[in-house]
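Trainee: next come a sequence and a model predicted from it.
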Amino acid sequence: MIRARGLTKTFHRKKEAIHAVDNVDIDVVEGELVAFLGPNGAGKSTTMRMLTSLLAPTSGTATVAGFDVVRDPDKVRAHIGYIGQGNGGGYSYKVRDELYNQGRFYGLPARRYRSRAAELIEALELGGLEKRGIQSLSGGQKRRLDVALGLMHEPPLLFLDEPTTGLDPHSRANLWEHIQELRRRTGMTIVLTTHYLDEADKMAERVVVIDHGRIVADASPGDLEREYADDVITARVASPAGLDATESAGLVRRALPPGIGAVDTEASGDVVTVVIATTHGAERLPAALEALRLADLTVLSASLTQASLDDVFLNLTGRRLREEIAS
Ligand SMILES: Nc1ncnc2c1ncn2[C@@H]1O[C@H](COP(=O)(O)OP(=O)(O)OP(=O)(O)O)[C@@H](O)[C@H]1O
């Protein structure tokens with residue numbers, strides 16, 4: 001569905017060159033759901049805009065749905081749906097009219113665009129809103145209409161640029177249910193950008209981590225977490241022998257069975273942390289707690305922090321994605 005090689009975009013603002021996308025290679029096969037994850041300004045939208053033929057690459061090549069984005073932009077556009085960051089609907093139009101307009105725009109005959117609009121109104125739960133002006137819809141309803149507009153011509157490949165940004169958690173979950181359902185029914189390929197870590201983690205089969213215009217990792221969320229992040233067991237303990245932190249950590253380290261995969265054990269005050277180089281921390285938790293007991297420490301409370309894509313991003317870039325987004 002997508003094959004990009006050396007895709008590069010450099011913007012020039014005043015005398016400054018902005019390397020928005022820098023030598024990116026991407027392959028997406030039919031039926032995949034791929035998320036581009038990265039902080040603001042990482043180059044996600046620019047990559048997507050080149051793949052959708054909206055922006056000419058400075059260098060490099062890309063074929064999308066079998067067509068070259070530079071030589072055959074019309075064919076690319078006929079085979080993709082693109083839902084950009086802003087709401088696409090004309091604000092003064094009514095919901096159904098806007099869907100019809102989109103159908104006309106793609107050259108569908110009247111009978112086809114009417115039935116397609118009816119299908120999408122049902123699939124995206126827009127029933128009852130057909131005659132409403134777009135400006136009166138809620139954020140979640142507008143976003144569902146955007147998805148419907150992007151799907152009017154039944155494209156096999158859908159691009160979604162931050163589909164859920166600005167939506168409340170309920171509307172986000174609702175939109176995702178609809179996208180997943182459409183995907184189950186049609187086998188559509190989906191490429192999306194997001195900076196919601198939980199969304200990429202739960203929804204995407206593949207996460208392409210982008211930073212400073214470059215791909216820094218490309219794998220399933222589980223594989224990324226296994227390779228680039230650790231689970232951490234944290235326990236608050238009481239030590240009857242009144243041992244100091246260094247001694248406690250040493251005793252725990254010696255008591256941990258080798259198979260537990262602990263890469264670091266530290267104690268500070270009454271807290272012991274055991275870093276496990278795996279995403280199987282939950283299964284290793286009982287053995288870790290047993291090691292604390294053997295070290296003559298009484299466990300008062302214990303918790304497990306599982307590896308996340310935020311840890312993956314930290315280990316790959318030295319920065320936390322959450323903080324990048326907040327700033
Ligand atoms: N038309 C433009 N002219 C100049 N610079 C641009 C233009 N479009 C994007 N940029 C710059 O290119 C870089 C990448 O921007 P891009 O929008 O692709 O990032 P992003 O990862 O999609 O960010 P966000 O999550 O905020 O949408 C940024 O530094 C941005 O300021």
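Mentor: Perfect, thanks for sending it.

Trainee: going forward, measure contacts and count neighbours with C-alpha atoms only.
Mentor: Will do.

Trainee: measure the closest residue to the ligand within the stretch 201-327 of the chain to Y228 for me?
Mentor: The nearest approach of the stretch 201-327 of the chain to the ligand comes at G213, 6.9 Å away (Cα to the nearest ligand atom). Distance, G213 to Y228, using Cα to Cα, to the nearest Å: 20 Å.

Trainee: quick one, helices of the protein?
Mentor: 44-51, 73-79, 95-105, 110-123, 139-151, 169-186, 197-203, 221-228, 245-255, 281-294, 309-317, 321-326 (DSSP state H).

Trainee: weakest of those helices in terms of mean pLDDT?
Mentor: Here the helices of the chain differ in mean pLDDT, and the lowest is helix 321-326 at a mean of 71.

Trainee: what's near enough to touch the closest residue to the residue of the stretch 201-327 of the chain closest to the ligand other than its chain neighbours?
Mentor: In space, and not counting its chain neighbours, G213 is closest to V21: 4.0 Å by Cα to Cα, 6 or more residues apart in numbering. Contact partners of V21, counting by Cα atoms under 8 Å, 6 or more residues apart in numbering, are L7, T8, K9, T10, G43, T46, T47, H212, G213, R214.

Trainee: tell me which two in the residues you listed are the farthest apart.
Mentor: L7 and H212 (13.7 Å; Cα to Cα).

Trainee: the spatially most central residue of the chain and W176, how far apart?
Mentor: Using Cα atoms, centre = their mean, the residue of the chain that lies closest to the mean C-alpha position is A200, 2.9 Å off. The spacing between A200 and W176, counted by Cα to Cα, is 11 Å.

Trainee: how is this structure carved up into domains?
Mentor: 2-226, 230-306 (automatic domain parsing).

Trainee: closest to E323 out of the ones you listed?
Mentor: domain 2-226 (9.0 Å).

Trainee: show the end-to-end separation of the closest one, please.
Mentor: With Cα to Cα, one end of domain 2-226 sits 27 Å from the other.

Trainee: likewise stretch 274-282?
Mentor: 12 Å.

Trainee: show me what counts as buried in it.
Mentor: V274, V275, I276, A277, T278, T279, H280, G281 (16 or more other Cα atoms under 10 Å).
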